[in-house]
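# Quick one: sequence plus predicted model below, questions after.
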Amino acid sequence: MLELRQVSRRVSGQVHLSETSLQLQPGTLSVLLGRTLSGKTSLLRLMAGLEKPSSGQVLFNGKDVTGQPVQQRRVAMVYQQFINYPGWTVRQNIQSPLKVQRRPQLEIEQETQRVAQLLRLEPLLDRKPLELSGGQQQRVALARALAKKADLVLLDEPLANLDYKLREELRAELPKLFAGTGAIIVYATTEPMEALALSGMTATLSEGRITQFGPTLDLYRRPHDLITAKTFSDPPLNTIGVHDANWQGAPRGASTLAFRPHHLTPGMGSGSALAFNVSVISTEITGSESFIHVARGADRWVMLAHGIHVYPSGEQLQVHVEPAHLMAFDALGVSLDPSLRRAA
Amino acid sequence: MARIDLANVRHAYGRNPQADSDYALRHVNQAFENGGAYALLGPSGCGKTSVLNIISGLVQPSQGRVRFDGEDVTDLSTEKRNIAQVFQFPVIYDSMTVRENLAFPLRNRGVKRAEANRRVDEVLEMIGLKSRADRKARGLTADDKQKISLGRGLVRSDVNAILFDEPLTVIDPQMKWELRAQLKELHRRFGYTMIYVTHDQTEALTFADSVVVMYEGQIVQVGSPEDLFERPSHTFVGHFIGSPGMNVIPTTLDGAHVRVGEYVAPLPGLPRLRGEPKLEIGVRPEYVRMGAEGIPVQITQVEDLGRIRIVRAVAEGHVIAAVLREGDEIPADPHITIDPKGLNLYADSWRVDFSGDRK
Amino acid sequence: MKPVNQKAWFLVLPVLLLVAISAVIPLMTVVNYSVQDTFGNNQFFWAGTSWYEKVLHSERFWNALLRDLMFSAIILAIEIPLGVIVALAMPRKGWGVAVCLVLMALPLLIPWNVVGTIWQVFSREDIGLLGGALKGMGVDYNAVQDPVDAWVTLIVMDVWHWTSLVTLLAYAGLVSIPDAYYQAARIDGASGWSVFRFIQLPKMARVLTIAVLLRFMDSFMIFAEPFVVTGGGPGNTTTFMSIDLENLRASNELGQGAAMSLIYFLIILLFSWIFYAVMTREDAPRPDKAPDKTGGAP
């Protein structure tokens, strides 16, 4: 188990990570979700031992490894850039961590075969990385991480530089690849949809702080606070001040109401639904879904509809949100969901 | 603003191209209407960036002509073509302020100071950087830098087209929505001809009125987002657009019906086929319905993406993906049916058109 | 907090020792000499600041300092622009790159005193190619007797020897600029000069800072070339501080020599610091706290 106890990191007066505690179990995949500069990479580097925390402890299986350099830990890392040894063949690249560990030759051969097969690199074993496509290069980097049999595998936006379709494909493969290795997998990304697709656990980060950690869908469905809800929303979360909404059902102390774009639907809805008059700004269509950008006063919202729906710009529209889909937050942005209150 | 025509354009980066495979662009004929919003969509290496560079004049095509409003510009330099381009990584002049960055193209063209200031102020308003006008450009965030790159195109009153080369690559997801909305707004208000290169289907479909799908140096389909989604003309388009892509299943023909194992579905008409092509049906996962009736399936995987669930199931020996909306139940004894609206027939990977009734 | 593993200090120990032996101990010895007087026999007397006063009041010192500054100023004014121009003219891809890099590296491989000897012979009017040619053209050239000729020779030598260092550094800066910048500039209608002024120069700024620092320190400490070619003459016209120091050492004026060395050292330190501070001042305030992704062009 990897445990971070109150770790923080400051660099020349700037806080890259404020006091953070986190426990990650072997055989699990955890996503670090947050915008650029939210502290994802700082956290990964602390876990790896590439950087030392300014305060706090890093424990591995109960043993304090805070000052231990990365070479002495069993850590593998895969980056956004495709990092392989350019002068070596794919085979040599995969074998490099095994040779460093001085494994017997037979084992090295078998392991190379196994990993190459898993990542469908067998026909490419004798080529150099730079002769391969981006997706293949990243497969080689993943193969190296897999062959290393590390206890901790850190993936820093590994798919960000790949084409959309390749991303989809590799993303589906990733959890399967590391399943059964017993390793702790940590995956950093800026994309909420990626976190959902990978499933597992998610920690949302904002301004150097973990805002919430738990099972991915739980975070998505029941965020503890407004920042988590906003971080974990693509398209962006719709919000409205409670006074503007003029909703009888709002819990006491509520300051902001929020709802996801697909919960905003045309029509009056049920009697208890919160209804608004909005004007259409523009419509974006992906085929499977339509995003209708609407304005209500100063608020700008996105309405997501399944299938193809085109509304002309400027059209006045009646829309609603069912109460079950409304999230209420107090003035500090803390959720007022009664089920969460009990848990806390 | 101008209409842009590519006539019989071919391009090879190596010398002495022989086979078709030596060409990065095999054969491109395409018109970009004045004031249109276009996207060039395809995987890496499909030639989309080559098309963009041929329009901007950064690359000279091996064959064919480029015309702006009917005028041949193939031999004109980039500067003389009066186009603007936004690159994947923001290009800003580090030593200048935001305002100086925007004034740069005007200064180079000898525009008078008063006129230049007026234009720059207008553009600062348009891209929402007025409050940061006198900051050094290099200290800004990636999305602000990208706005500056765009702004340098917008200040010129004479631009023929604005070209985008994967401009949102380095932008955070939430910010992408905002930037894209601003782009569309600019397009709506000022009617620029815009051409947007990307590998990201969501960006392409949401940005463009007309999407040009490219594959291996050729254009495979040009159409509205709706066309590409509902009626992909090639199985590649069906696979490439949509997430997950279209289900493509081998089929046999039974008069005006298609047959997959026990399953039979009517076609809108009798297909006219030449020879004996390889036949497949294409159905988007969004048109696969799950219920208690239809073809029995075995569910192998369920992916919960929050607002939708992707269910993968085996039917008649084929893996079929279905998309379920939030709240839809998966029945205990699952069966699937296909919404006839979403059924397409492919012969040798090209879509069979049923005499205009669906086109 | 748990006590951190202290073993790492042992790894730094050799470096500390090396620095101590190579820099600190000699420096302290010099400091020691500069405040004492000796008449041999290892007998030392406290001399206080008298050596420093003597140096600072000597016209010889100020003249030498002035010559050093002038020499460095001329060298920098020629080598930096010339180095940049050559770097700009070098090819960016193809086989020409390797050829140019090797050619550029050649002068840098020659030891200083050999450069001196080469040029001394080269410029002699009896057997040297240059001297002979100039004489043949009717130019009255004599590096040993004419002060102007002596200076010109030293400057030409230094430019020949060290411009390629500036070139290589500038070239490294140039090739790191992504293509998109040049393309954007073409689209913006930028002239060649604008491209240089607003793209190439800002992107080369860091390496050029290093080039200026290196060339300043090096040219300020010029020794071997005048020592071999002119011997500090004619008269005292090429007697730079380092040559003066050598003269003091040769005549066993250890106290004065030590004092002068330290003053000399402090001057170099001061100027280097000023250069560095001035040239990097624009970099200082960076509002974006960490490197953003935009740096990593493909």
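That came through, no problem.
# quick one: stretch B:190-201 to chain centroid distance?
Relative to the centre of its chain, stretch B:190-201 is centred 8 Å away, using Cα atoms, centre = their mean, to the nearest Å.
# Flag every buried residue along that stretch.
The neighbour-count check on stretch B:190-201 (16 or more other Cβ atoms under 10 Å in any protein chain shown) flags B:192-201 as buried. In short, each C-beta sits where N, CA and C put it, glycine included.
# do stretch C:65-84 as well
For stretch C:65-84, burial by neighbour count (16+ other Cβ under 10 Å) applies to C:65, C:67-68, C:71-72, C:74-76, C:78-80, C:83-84.
# Output the buried residues of stretch B:190-201 in JSON lines, with pLDDT and distance to residue A:283 appended to each entry.
Putting the buried residues of stretch B:190-201 into JSON lines (pLDDT from 0 to 100; distance: Cβ to Cβ, whole Å) gives the following:
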{"residue": "B:192", "pLDDT": "88", "distance to residue A:283": "19"}
{"residue": "B:193", "pLDDT": "93", "distance to residue A:283": "21"}
{"residue": "B:194", "pLDDT": "94", "distance to residue A:283": "17"}
{"residue": "B:195", "pLDDT": "96", "distance to residue A:283": "21"}
{"residue": "B:196", "pLDDT": "95", "distance to residue A:283": "17"}
{"residue": "B:197", "pLDDT": "95", "distance to residue A:283": "23"}
{"residue": "B:198", "pLDDT": "94", "distance to residue A:283": "19"}
{"residue": "B:199", "pLDDT": "92", "distance to residue A:283": "23"}
{"residue": "B:200", "pLDDT": "92", "distance to residue A:283": "19"}
{"residue": "B:201", "pLDDT": "91", "distance to residue A:283": "17"}
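# quick one, what contacts residue A:305?
The neighbours of residue A:305, taking Cβ atoms under 8 Å, 6 or more residues apart in numbering or on different chains as the test, are A:262, A:265-266, A:289-290, A:292.
# mind listing what residue A:259 touches?
A:237-238, A:321, A:325-327.
# need the helices for the chain, in chain order.
Went with chain A since none was named. Using DSSP state H, the helices of chain A run over A:40-48, A:90-100, A:105-118, A:134-147, A:164-178, A:192-198, A:216-221, A:226-231, A:242-245, A:338-343.
# not what I meant, chain C
With helices called from DSSP H, chain C shows them at C:8-19, C:25-34, C:50-57, C:59-89, C:96-105, C:112-123, C:129-136, C:147-175, C:179-187, C:192-195, C:201-220, C:224-229, C:241-250, C:254-280.
# Indicate which one of these is closest to chain A.
If you check each of those against chain A by Cβ to the nearest Cβ, helix C:8-19 wins as the nearest, at 8.9 Å.
# Remind me what the closest one packs against, helices and strands.
The helices and strands touching helix C:8-19, judged by 3 or more Cβ pairs under 8 Å, 6 or more residues apart in numbering or on different chains; DSSP states H and E, number zero.
# what's the spacing between that helix and its chain's center?
29 Å.
# Quick check: mean pLDDT of it?
Confidence for helix C:8-19, expressed as mean pLDDT, is 79.
# That'll do, ta.
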